[in-house]
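Undergrad: quick one, what's the 3D model for this:
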Amino acid sequence: MKFLKVLFFLICVVATLSVSAQSSEQLKRDRDRLTDELEKLNREYNETVNNKKSTLKQLNILRAQINLREKKIDNINVEVRNLNSEITENTNVVHSLEQQLKQLREEYKAMILFAYHNKSGYNKMMFVFAAKDFNQAYKRLKYLQEFAAYRKRQAGYIEEKEKELYGRIVQLDKTKEEKRNMLLEQQKEKENLGKERSNQQKVASSLTKQESQLVAQRRELQRKIAAATREIIRKTLEEARKREEAERAAAAARAKAANKDAPAPAPVARKTDSQVLNATPEAAALSSSFLGNRGRLPWPVTNGIITQGFGTSKMDGIVVDNDGVDIRTSSAAAVRAVFEGQVRTVQDIMGAYMVVIQHGEYFTVYSNLRSASVSVGQKVSTKQTLGTAATDAATGETVIQFKLYKAGVQVNPEPWLANR
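TA: This next block holds a predicted model:
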């Protein structure tokens, strides 16, 4: 029974370490990706430091760096927690193996002493011939043979446990060293984060009046995009309700014509926006498929980083409310649909295009496009190109905004996108 408990414990430990290893591999890939993106931003920032006209661009790069640096620190925190868990598990395994090895050695020592006291062939023969009958003598002889074989196996078990114990100790030392390196890297990242925040304050305080106006213009652009998006969703809902009411009225008229004495139908409760948008089997299936791909949707650009997240944040003393995510990408990058659906609008807002696509009850919005290659009513497939990203002439930056709505309600789109 004791052996079974130990075996069960070791199986659980191996399973836990296997899952942890998989998670650690993903975390390491994420950390390496963040490091690469930070290095690219750092090179670009250094190119703009001596350019007075690029002050706003420097500020935006610093914001992106700070955002990525914070993500990397969070990533390292998770990795350190995983390493702590791995160290604890390996320590427990080492203690368990030490106890097993101690028990095996004690048993082996007892066998050796027994064999020493009974090492002469005379004693063995006396043990066999002292049996009451032939059957007992045979069993005693088999016992002696099995005892000798068991002693050899026990020596093999001890050797195996010693090797396993040594391997675990080596692995434990390696994990502890990895943890020390991770903590050093974390400290370095925190120092860099502090420098970047300090630079951000300096750059923000040096913004000229003209550059401050550019910031205000950008906020106005975002307001207009949000208003246009809400309007197109409102119209889509209104059209869907009108179709539903017309179909219900037609059905009631047919029923009345078939049976003139039938009582008037009871009033129907008003459906929710989601129910209206999912009225047809096709729309309901599309909504379900879109929801089923949460966390796996492709990014609207093949290469990009999020420079401003969803929700309310404070930048340079100004409270900013963002109902989407800003994605920094390369010049003239292709902007693509994250899922199949139907184009609801293509609008020019302050010199840049905005495209809205409906996916059942969900709507995705792609704004700040230099050009658009789709039209209203067109059905698009996943990853189909919608247009190209626009570059701000004043800052030299190429940033698109991606938004997600569920039946008119703003949703944070970042958790819906696949890991890069």
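Undergrad: distance-wise, check residue 358 relative to residue 365.
TA: 11 Å (CB to CB, to the nearest Å). All C-beta spots, glycine's among them, are computed from the backbone N, C-alpha and C.
Undergrad: typed the wrong thing, it's residue 339
TA: For residue 339 relative to residue 365 (CB to CB), the value is 13 Å.
Undergrad: circling back: more neighbours: which of residue 358 and residue 365?
TA: For residue 358 and residue 365, the more surrounded residue by other CB atoms under 10 Å is residue 365, and the numbers stand at 25 against 21.
Undergrad: what strand or helix carries the more buried one?
TA: strand 362-372 (DSSP states H and E).
Undergrad: same for that strand, what does it pack against?
TA: Counting contacts by 3 or more CB pairs under 8 Å, 6 or more residues apart in numbering; DSSP states H and E, strand 362-372 packs against helix 209-258, helix 281-292, strand 341-349, strand 352-359, strand 385-389, strand 399-406.
Undergrad: and the angle from the longest one to strand 399-406?
TA: Meaning helix 209-258. Counting by axes from the mean of the first three to the mean of the last three CA atoms, to 10 degrees, helix 209-258 lies at 30 degrees to strand 399-406.
Undergrad: adjust the sequence numbering to begin at 38 for everything that follows.
TA: Done: numbering now begins at 38, and the last item shifts to helix 246-295.
Undergrad: run a quick neighbour tally on residue 70.
TA: Neighbours of residue 70 (other CB under 10 Å): 17.
Undergrad: please apply the same query to residue 77.
TA: There are 14 residues near residue 77, going by other CB under 10 Å.
Undergrad: how near is it to residue 366?
TA: 12 Å.
Undergrad: repeat for residue 125
TA: Counting by CB to CB - residue 125 and residue 366 are separated by 42 Å.
Undergrad: residue 150 now?
TA: Residue 150 is 77 Å from residue 366, by CB to CB.
Undergrad: out of these two, which sits in the busier spot?
TA: Comparing residue 150 with residue 366 by neighbour count (other CB under 10 Å), the higher total belongs to residue 366, at 21 against 10.
Undergrad: right, and the more buried one touches residue 435 too?
TA: Yes: between residue 366 and residue 435 there is a contact under CB atoms under 8 Å: 5.4 Å.
Undergrad: return every residue with contacts to both of those two.
TA: residue 426 (CB atoms under 8 Å, 6 or more residues apart in numbering).
Undergrad: now the strands: where do they sit in the chain?
TA: 341-345, 348-352, 355-359, 362-366, 371-373, 378-386, 389-396, 399-409, 416-417, 422-426, 436-443, 446-448 (DSSP state E).
Undergrad: if we can go back for a sec, of the helices and strands packed on strand 399-409, which approaches residue 132 most closely?
TA: helix 318-329 (45.1 Å; CB to CB).
Undergrad: elements contacting that closest one?
TA: Using 3+ CB pairs under 8 Å, 6+ apart, helix 318-329 sits against helix 310-314, strand 389-396, strand 399-409.
Undergrad: chain center to the second one, what's the gap?
TA: Put plainly, it is strand 389-396. Computed by CA atoms, centre = their mean, to the nearest Å, the chain-centroid distance of strand 389-396 equals 26 Å.
Undergrad: tell me the buried residues in that strand?
TA: 389, 390, 391, 392, 393, 394, 395, 396 (16 or more other CB atoms under 10 Å).
Undergrad: can you check the last one too?
TA: In terms of neighbour count (16+ other CB under 10 Å), strand 399-409 has its buried residues at 399, 400, 401, 402, 403, 404, 405, 406, 407, 409.
Undergrad: listing partners with orientation, what would you give for it?
TA: The strands beside strand 399-409 in its sheet (DSSP bridges) come out as strand 389-396 (antiparallel), strand 422-426 (antiparallel), strand 436-443 (antiparallel).
Undergrad: of all those strands, which lies closest to residue 109?
TA: Using CB to CB, the strands paired with strand 399-409 put strand 436-443 closest to residue 109, at 21.0 Å.
Undergrad: quick one: contacts of that closest one?
TA: Under CB under 8 Å, 6+ apart, the answer for strand 436-443 is 97, 259, 262, 266, 270, 311, 337-338, 341, 344, 360-366, 372, 375, 398-406, 426-427, 429, 447-450, 453.
Undergrad: relative to strand 362-366, how tilted is that strand?
TA: Interaxial angle, strand 436-443 versus strand 362-366 (the same axes, to 10 degrees): 150 degrees.
Undergrad: what's the mean pLDDT across stretch 341-355?
TA: Across stretch 341-355, pLDDT averages out at 72.
Undergrad: what do you get for stretch 283-292?
TA: Mean predicted confidence for stretch 283-292 is 71.
Undergrad: using CSV, list the CA coordinates for it.
TA: Taking C-alpha atoms only, stretch 283-292 is exported to CSV below (Å, rounded to 0.1, in the frame of the first residue of the first chain):
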residue,chain,number,x,y,z
ALA,A,283,-43.1,42.7,-41.6
GLU,A,284,-42.7,38.9,-41.5
ARG,A,285,-44.8,38.6,-38.3
ALA,A,286,-47.5,40.8,-39.8
ALA,A,287,-47.6,38.8,-42.9
ALA,A,288,-47.9,35.6,-40.9
ALA,A,289,-50.7,37.0,-38.8
ALA,A,290,-52.6,38.1,-42.0
ARG,A,291,-52.2,34.6,-43.5
ALA,A,292,-53.5,33.0,-40.3
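Undergrad: quick revisit: now distance to residue 211 too, for the strands of the chain, in JSON lines please.
TA: Converted to JSON lines, the strands of the chain look like this (distance: least, CB to CB, whole Å):
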{"stretch": "strand 341-345", "distance to residue 211": "33"}
{"stretch": "strand 348-352", "distance to residue 211": "40"}
{"stretch": "strand 355-359", "distance to residue 211": "43"}
{"stretch": "strand 362-366", "distance to residue 211": "38"}
{"stretch": "strand 371-373", "distance to residue 211": "43"}
{"stretch": "strand 378-386", "distance to residue 211": "49"}
{"stretch": "strand 389-396", "distance to residue 211": "47"}
{"stretch": "strand 399-409", "distance to residue 211": "45"}
{"stretch": "strand 416-417", "distance to residue 211": "50"}
{"stretch": "strand 422-426", "distance to residue 211": "45"}
{"stretch": "strand 436-443", "distance to residue 211": "42"}
{"stretch": "strand 446-448", "distance to residue 211": "43"}
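Undergrad: among those, which comes closest to residue 119?
TA: Per CB to CB, nearest to residue 119 of the strands of the chain: strand 341-345, 24.4 Å.
Undergrad: residues contacting residue 278?
TA: Residues in contact with residue 278 (CB under 8 Å, 6+ apart) are residue 313.
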